[in-house]
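>>> quick one, what's the 3D model for this:
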Amino acid sequence: MTEREISAASPGLRQAWIAGLLGLLANMTAVLVLVVLHSRLAGTSPIVRAFPFLGQEPLRTWWLWGWFAFFLLLSLIEIPIMALALRALSRSSARRPLLLTAAAFVFFPAVYAWMNWLFNAGLVHSLITAAGALVRLLIVHFSIQ
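Residues are numbered from 1 along each chain as shown. Here you go, the predicted structure:
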């Protein structure tokens, strides 16, 4: 959005944009901590360290792609539901639940990224999952207009 569009928008939309950007900032912070932890642990997750047989082929491939698909699917399934919820919340007069929901909605792919990393230590897969926050920020914008 341009500055003119933001200033012309309703106060609720501007507040939702700010809440979404705060959620994105929290998402990026969580992902940065994940990257640092990944480099400190030499690329292995605590679960794979506890159960070393999960890191051996052919089970490793199924384990890695299975968890990645599961968390990515969870992340994608909740998008239409939350878009409808945001639209309904934007029609109400209460602003605080809308702003908290928008921030949490944009932040939550970082939670899926952390869970994905804990189960399979796939940093690239976790980053792909966390990048869904950008799509969610756009959904917040278009759901509240």
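
>>> list the contacts of the residue most central in space within the chain.
Residue closest to the average C-alpha location in the chain (Cα atoms, centre = their mean): residue 109, at 1.5 Å. Contacts for residue 109 (Cβ atoms under 8 Å, 6 or more residues apart in numbering) come out as 27, 75, 129-133, 136. C-beta here means a position set from N, CA and C on the backbone, and glycine is covered the same way.

>>> buried subset of the residues you listed as a ChimeraX selection?
In ChimeraX syntax, the buried subset of the contacts of residue 109 is picked out as below (16 or more other Cβ atoms under 10 Å):
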select :27,75,129,130,132,133,136
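
>>> which one of the contacts of residue 109 is nearest residue 82?
Closest approach to residue 82 among the contacts of residue 109 (Cβ to Cβ): residue 136, at 7.9 Å.

>>> packing partners of the lengthiest helix in the chain?
Criterion DSSP state H: the longest helix present in the chain is helix 59-91. Packing partners of helix 59-91 (3 or more Cβ pairs under 8 Å, 6 or more residues apart in numbering; DSSP states H and E): helix 96-107, helix 109-120, helix 123-130, helix 132-144.

>>> please identify the deepest-packed of those.
helix 109-120 (a mean of 23; mean count of other Cβ atoms under 10 Å).
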